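>>> return a 3D structure for these sequence lines:
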Amino acid sequence: AVSSQRLLMSDGPNHGEKLSPNCAKEMEHHAELVSQDVRNDYRLIKACREPIRLKCKDEMKDKFHGNLLGCLEKNKLSLKGSCMKHVKDLQLVSLFDYKFNSLFLKACSGAVQTYCKSDQSGQDIKKKQDVMYCLRNQLNQPTPKSKEPVSDECKSQLRPNS
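Numbering: from 1, shown residues only. Modelled structure (predicted):
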């Protein structure tokens, strides 16, 4: 999604300029790497060095590094300057495509594939808010015997502020 790559490049000299297909593909690849392990975003790690040291030390050591961004988000009131900007940028990118939110993806990918892969017109559902809406609706429906119910881990991601 080009709009998510534009968000990642929003502080660059060509703000608002449409990216070439190759650049957009590279930016999407970078966003996927960051979503899998936020330590791949060297600018975030550099900008948030102090908050990570003070508040998120254990999450930095955790094998599943999606928890680091979650820790920074929980402590966002104490974040300043470029650290806050980078955390907000990553939050915005994950709104455009749920796959860029590693905790949500880990918890809900099975349920998304089962219940919310595409909308009524057959288009893939990408926006996190649309996927969450679909999954929340599924929770209010009886689960077909041939399908797995939405997991408790995924349900916890569907709560407000997740």
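>>> now do the helices in the protein.
2-8, 21-36, 42-47, 49-55, 57-61, 66-74, 81-96, 102-115, 128-139, 152-157 (DSSP state H).
>>> and the second one, what's its mean pLDDT?
In this model, helix 21-36 has an average pLDDT of 75.
>>> who does it touch, helix- and strand-wise?
In terms of contacts (3 or more CB pairs under 8 Å, 6 or more residues apart in numbering; DSSP states H and E), helix 21-36 is packed against helix 2-8, helix 81-96, helix 102-115. Using the backbone N, CA and C atoms, a C-beta is placed for each residue, glycine as well.
>>> ramachandran coordinates for the residue most central in space within the chain?
Central residue of the chain (CA atoms, centre = their mean): Asn101, 1.9 Å from the mean position. For Asn101, the backbone dihedrals (degrees, to the nearest 10) come out as phi -110, psi 100.
>>> what pLDDT does the closest residue to it other than its chain neighbours get?
In space, and not counting its chain neighbours, Asn101 is closest to Ser94: 3.8 Å by CB to CB, 6 or more residues apart in numbering. Looking at Ser94, its pLDDT is 77.
>>> show me the contacts for Asp119.
Contact analysis of Asp119 by CB atoms under 8 Å, 6 or more residues apart in numbering lists Ile125, Asp130.
>>> how many residues are close by the closest residue to Leu139 other than its chain neighbours?
Spatial nearest neighbour of Leu139, chain neighbours left out: Val150 (6.0 Å); criterion: CB to CB, 6+ apart. A count of nearby residues for Val150, using other CB atoms under 10 Å, gives 23.
>>> surely Val150 touches Gln141?
No: using CB atoms under 8 Å, Val150 makes no contact with Gln141, being 10.1 Å away.
>>> burial measure for Arg159, as a count.
For Arg159, using other CB under 10 Å, the count is 9.
>>> give the contact list for the residue nearest to Leu139.
Cys108, Ala111, Tyr115, Leu135, Gln138, Leu139, Thr143, Leu158.
>>> distance of it relative to Thr114?
8 Å (CB to CB, to the nearest Å).
>>> Asn67 now?
Separation of Asn67 from Thr114 (CB to CB): 25 Å.
>>> cool, and Leu54?
For Leu54 relative to Thr114 (CB to CB), the value is 40 Å.
>>> who has more neighbours out of these two?
The neighbour count for Leu54 versus Thr114, taken as other CB under 10 Å, is higher for Thr114 (18 against 10).
>>> no further questions, thank you.
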